[in-house]
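Engineer: Kindly generate the corresponding structure for this input.
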Amino acid sequence: MNQELWNKILAFDFDNPPSEYGFSTRLSNENFWPKEFTDQAILEYKKFMYLAATSDFMVSPSEIIDVVWHQHLIFTQSYQNFCDIIGKQIQHIPSTHNKEDLQKFRQAKERTIKFYERDFGKQPKNIWTFNDIFESLNLEKAKFKLRTFIIFGISTFICLTVPAYFLLKPIYIHIDNPLFIFGFIALTALTLLTLEMYNRAKLKNIASEFEPTSFVYNLQPFELVYLKTQKLSNVVNGTVNELIANGTIKVNSDNTIELVKSYTTNNNAQLQVTSVLSEVGRTSYPSLLIKLEAKPIFGTIANSINAFKKYFNKSKKFGRLFYTNFTVLAFLLLLALTRISTGVFREKPVVQIVIATIFLAVITVVFLQRLTKQMATTIIPNIYKNEILPTQQLENNWQWTYFLLGSAVLTTAFVPLVSYIDRNNSGSNSETSSGSSCGSSCSSCGGCCGD
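Structural biologist: As a prediction, the model looks like this:
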């Protein structure tokens, strides 16, 4: 291995000079990649380019590395500087899907594996084997969208009301109130408790089937904060708090916030905060929060996590779980509705059961909505708390403490500002997306060669 060349490649910074929508931020934002996965993909791209630079034969990237390569080609000056460092102009050769090229690209792929293992060891499966970031989740896409099933389910529910009335009427006329109301409430409570326990076990089992190298198990603390709370404002709060704690930002007695003249930043997120504050000067925190939530460096977190949630909710495994919950709760509603119909036709008082039915309908909607978020808000955060983090050394890592304890660890001077925002709900949690994408790219990559 040419250690001197590799050290030069390893030291090359794709985000130099720093910008609001630099290379890594754009790569993450446009492909819905979390930070750790983005950093790993860039590292593996560097390894691939090293192989391309030191080989006299064609080598072939994976689908994920090809995405990084396409992005780098857009940053023409950076790509040229990179090729100058490695001493070779690496050409991107798209696959034409011709039969004549098939054998050539197959050999290139086999050669790449051989060269990689020689210089770097075994290829990471999540970058080199899977075609996209979500393939590691082992989730097959459902045939029907949840919305389609809900429409079908409601239609079926309506059609079953008449048969249910004639089927249950002979039973209901022998059950008087309040016995029915008490029994129905008890049945509803038991059903919800059982479903909750079943859902947690089922979701945890689904998560256990994700590949061990999946991005889900390599999330950053602030990504988990958003995953758990579904509020981008909490991510911004954490970043601002770090700058307050190290003296870069101060909170004034009138609850305004401003930048201290002498400051240093540790990452791009902090740099974005200080840049905005240097532009706007002394300002209220709600105003600053709105500006920061719109910045790509924070929007990428929301984009990647929301993309995971959507992908998971479209899977066959989650679909089956949702169908089960919907069917069970719909059955309870059918029992209640039939009781109302029976009472009305027999001229009995039905006010209590109507109230109970409306209450159950509201609970059903809330329960099902919560189920669509439960993998994100409960299951994965608990896996980190109970299984992943206990095996790691987290001393003096404030971000992980913030994920575990929330606003309880915020700086004292900052707490009133955050509390005010929480009370007034003035923070925006919308997803953001910036920049433009390149309109010309090949559908797949065969490999590369150098001039």
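
Engineer: What score does T161 have for pLDDT?
Structural biologist: For T161, the pLDDT comes out at 89.

Engineer: so it sits in a helix?
Structural biologist: Yes - going by DSSP: H, G, I helix; E, B strand; the rest coil, the assignment for T161 places it inside a helix.

Engineer: where in the chain is pLDDT low?
Structural biologist: Within the chain, the segments meeting pLDDT under 70 span 93-102, 262-266, 425-451.

Engineer: Can you give the domain ranges for it?
Structural biologist: Each domain of the chain is listed here as a residue range: 3-131, 139-432, per automatic domain parsing.

Engineer: Tabulate those in a markdown table, adding columns for mean neighbour count.
Structural biologist: All C-beta atoms are positioned from the backbone trio N, CA, C, and that covers glycine. Output for the domains of the chain, formatted as a markdown table (neighbours: other Cβ atoms under 10 Å):
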| stretch | mean neighbour count |
| --- | --- |
| domain 3-131 | 17 |
| domain 139-432 | 16 |
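
Engineer: After the one helix or strand L292 maps to, which helix or strand is next?
Structural biologist: Per DSSP states H and E, L292 falls inside helix 285-293. With elements assigned by DSSP H and E, the helix or strand that comes after helix 285-293 is helix 296-313.

Engineer: Can you name the next helix or strand after that next one?
Structural biologist: The first helix or strand that comes after helix 296-313 along the chain, using DSSP H and E, is helix 316-345.

Engineer: quick one, the helix or strand following that following helix and helix 296-313 angle?
Structural biologist: Sequence-wise, the next helix or strand downstream of helix 316-345 (DSSP H and E) is helix 351-374. What separates the directions of helix 351-374 and helix 296-313 is an angle of 120 degrees, with axes from the mean of the first three to the mean of the last three Cα atoms, to 10 degrees.

Engineer: packing partners for helix 351-374?
Structural biologist: Contacting helix 351-374 under the criterion 3 or more Cβ pairs under 8 Å, 6 or more residues apart in numbering; DSSP states H and E are the following elements: helix 179-208, helix 296-313, helix 316-345.

Engineer: try it again with 6 Å
Structural biologist: Using 3 or more Cβ pairs under 6 Å, 6 or more residues apart in numbering; DSSP states H and E, the elements in contact with helix 351-374 are helix 316-345.

Engineer: any idea how far the helix it packs on is from the chain center?
Structural biologist: Taking Cα atoms, centre = their mean, to the nearest Å, one finds the center of helix 316-345 at 31 Å from the center of the full chain.

Engineer: now the angle from the helix holding L292 to helix 296-313?
Structural biologist: Orientation of helix 285-293 against helix 296-313 (the same axes, to 10 degrees) gives an angle of 70 degrees.

Engineer: can you confirm D56 is in a helix?
Structural biologist: No - in this structure, D56 is coil, not part of a helix, as judged by three-state DSSP.

Engineer: Name all residues that make contact with it.
Structural biologist: Under the criterion of Cβ atoms under 6 Å, 6 or more residues apart in numbering, D56 has no neighbours.

Engineer: What's the separation between it and Q91?
Structural biologist: Taking Cβ to Cβ, to the nearest Å as the criterion, D56 is separated from Q91 by 14 Å.

Engineer: Likewise for V273?
Structural biologist: 40 Å.

Engineer: K316 now?
Structural biologist: Distance from K316 to Q91, by Cβ to Cβ: 41 Å.

Engineer: I353 is in contact with L337, isn't it?
Structural biologist: No - I353 lies out of contact with L337 (Cβ atoms under 6 Å); the separation is 9.1 Å.

Engineer: now the strands for the protein?
Structural biologist: Secondary structure of the chain (DSSP state E): strands located at 90-94, 249-251, 256-259, 283-284, 445-450.

Engineer: Point to the residue nearest the middle of the chain.
Structural biologist: Residue closest to the average C-alpha location in the chain (Cα atoms, centre = their mean): I305, at 1.4 Å.
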